[in-house]
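Undergrad: got a sequence here, can you model it:
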Amino acid sequence: MELHVLNHPLVEHKLTVLRDKNTPSSTFRELVSELVMLEAYEATRNLSVVAAPIETPVAPMTGKKIASPRPIIVPVLRAGLGMLDGMTRLIPTAEVGFLGMKRDEEHPTQQVTYANRLPEDLSGRQCFLIDPMLATGGSASAAISFIKKRGCSHIRLVNLIAAPEGIKRMQEDHPDVDIYVAGMDDHLNEHGYIVPGLGDAGDRLFGTK
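TA: Next comes the predicted model:
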């Protein structure tokens, strides 16, 4: 597993404004989209391409196009939806699937899938799983296991912020999945929130409490 933490002044600036509790939801959403585009640029560096013969206004040439089957972007509901725009702006031809997971109240260490809009067969697909926060890693690990069961072996996890606890969980459960984050934080508090973090990403994205 490779952990990619974006190191760029623009990322640091946008992430600082994103963290500020006084940043309104409208600005928060715009910043998330911008940060995700920057992350997607790195996460798609090894995207499969094929030769594509074309003619420019001057001469014929062979360029490159994204290979088939199309990559698929999978936001984890609901907060992952806030990252979707940034990803599709950079990969407009990608397919989009949806996955909703929540903690099992009777078995807190387990996840329950409550929404699934994914192809039955993901063999040969390049998948980008998006979720703003990688805290304990429980939801991300369960989501990746779900995707792997459908045959996908090329998965990239894209988060805005991660905690060491979540990274450790991913290293243990899915050492073959690379992770891309805009910021690496210190720890989780007693309520499971990333510190210093940015609060509840879903609430801040959609203006709910």
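Undergrad: my guess is Thr62 meets Ala51, correct?
TA: Yes: applying C-beta atoms under 8 Å, one finds Thr62 in contact with Ala51, separated by 5.2 Å. From N, CA and C alone the C-beta is placed, and that goes for glycine too.
Undergrad: okay, and for the protein, where does confidence drop off?
TA: Applying pLDDT under 70 to the chain flags residues 103-110, 209.
Undergrad: at the geometric centre of it, which residue sits there?
TA: Ile130 (2.1 Å; C-alpha atoms, centre = their mean).
Undergrad: from the middle of its chain, how far away would the longest helix seen in the chain be?
TA: For the chain, the helix with the greatest residue count under DSSP state H is helix 25-43. Counting by C-alpha atoms, centre = their mean, to the nearest Å, helix 25-43 is centred 11 Å from the centre of its parent chain.
Undergrad: buried sites along that helix?
TA: 28-40, 43 (16 or more other C-beta atoms under 10 Å).
Undergrad: and stretch 173-180, by the same measure?
TA: Buried, per 16+ other C-beta under 10 Å, within stretch 173-180: Asp173, His174, Val177, Asp178, Ile179, Tyr180.
Undergrad: off-centre distance for the longest strand seen in the chain?
TA: Across the chain, the longest stretch assigned as strand under DSSP state E is strand 154-162. The chain centroid and the centroid of strand 154-162 are separated by 4 Å under C-alpha atoms, centre = their mean.
Undergrad: just checking, what packs against the helix or strand just after it?
TA: Per DSSP states H and E, the first helix or strand lying C-terminal to strand 154-162 is helix 164-173. The elements that helix 164-173 packs onto, with contact taken as 3 or more C-beta pairs under 8 Å, 6 or more residues apart in numbering; DSSP states H and E, are strand 133-134, helix 138-149, strand 178-184, strand 187-188.
Undergrad: by contact count, what packs against the second one?
TA: Looking back up the chat, that one is helix 138-149. Looks like helix 138-149 contacts strand 72-77, strand 98-103, strand 111-117, strand 126-130, strand 154-162, helix 164-173 (3+ C-beta pairs under 8 Å, 6+ apart).
Undergrad: switch the cut-off to 6 Å
TA: Helix 138-149 is packed against strand 98-103, with contacts defined by 3 or more C-beta pairs under 6 Å, 6 or more residues apart in numbering; DSSP states H and E.
Undergrad: over to the first one?
TA: Applying 3+ C-beta pairs under 6 Å, 6+ apart, one finds that strand 133-134 contacts strand 154-162.
Undergrad: so what strands line up beside the strand it packs on?
TA: strand 126-130 (parallel), strand 133-134 (parallel), strand 178-184 (parallel) (DSSP bridges).
Undergrad: any chance of the ones you listed in JSON lines, plus distance to Val195?
TA: Shown next, in JSON lines, are the strands paired with strand 154-162 (distance: least, C-beta to C-beta, whole Å):
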{"stretch": "strand 126-130", "distance to Val195": "22"}
{"stretch": "strand 133-134", "distance to Val195": "12"}
{"stretch": "strand 178-184", "distance to Val195": "12"}
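Undergrad: out of those, which one sits most buried?
TA: strand 133-134 (a mean of 27; mean count of other C-beta atoms under 10 Å).
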